[in-house]
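Student: Please find the sequence and the predicted model below.
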Amino acid sequence: MPVAQPSTEIHALCHEHHIQMKLNQIFVGTDGVRTQVLAYACPETDCFVHYSSSHGYFIFSQNESQIETDSLMPRVRCEKDGMPLYLAEVLPERKGFRLWTCPKCSMNHAVNVR
């Protein structure tokens, strides 16, 4: 079954490792039905962090093919359209700086974490 490619590729960073994620196809199981989904995945070994514009950041359990969300996942949303933002930039010289970007309207939201 073909999967539609996003109209513009984003450059999402893993919120744990701050490295660029790669676009992958994953198979998600819900009620015994497996669906093919495009999501960005952290390339770090043993990291299960993923991002998609529909789910935001999530953990993908490859053994169970389930999307898991928890309170530790970032839940930053666009003020304009409500889409889950992705981490676009961190600055090593400013450890608390995070630049979040909307995949739909490209609006930026800068946050300083302490």
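Tutor: Looks like it came in fine. Numbering: from 1, shown residues only.
Student: Next secondary structure after the worst-scoring helix or strand of the chain on mean pLDDT?
Tutor: Least confident helix or strand of the chain, by mean pLDDT, DSSP states H and E, is strand 66-68 with a mean of 62. Once strand 66-68 ends, the next helix or strand along the chain (criterion: DSSP states H and E) is strand 86-91.
Student: what residues does the following helix or strand past that following strand touch?
Tutor: Per DSSP H and E, the first helix or strand lying C-terminal to strand 86-91 is strand 94-101. With contacts defined as Cβ atoms under 8 Å, 6 or more residues apart in numbering, strand 94-101 is touched by 10, 76, 85-91, 107-114. In short, each C-beta sits where N, CA and C put it, glycine included.
Student: Measure how strand 94-101 sits relative to strand 86-91, angle-wise.
Tutor: 150 degrees (axes from the mean of the first three to the mean of the last three Cα atoms, to 10 degrees).
Student: Describe which strands strand 94-101 pairs with in its sheet and in which direction.
Tutor: strand 86-91 (antiparallel), strand 108-112 (antiparallel) (DSSP bridges).
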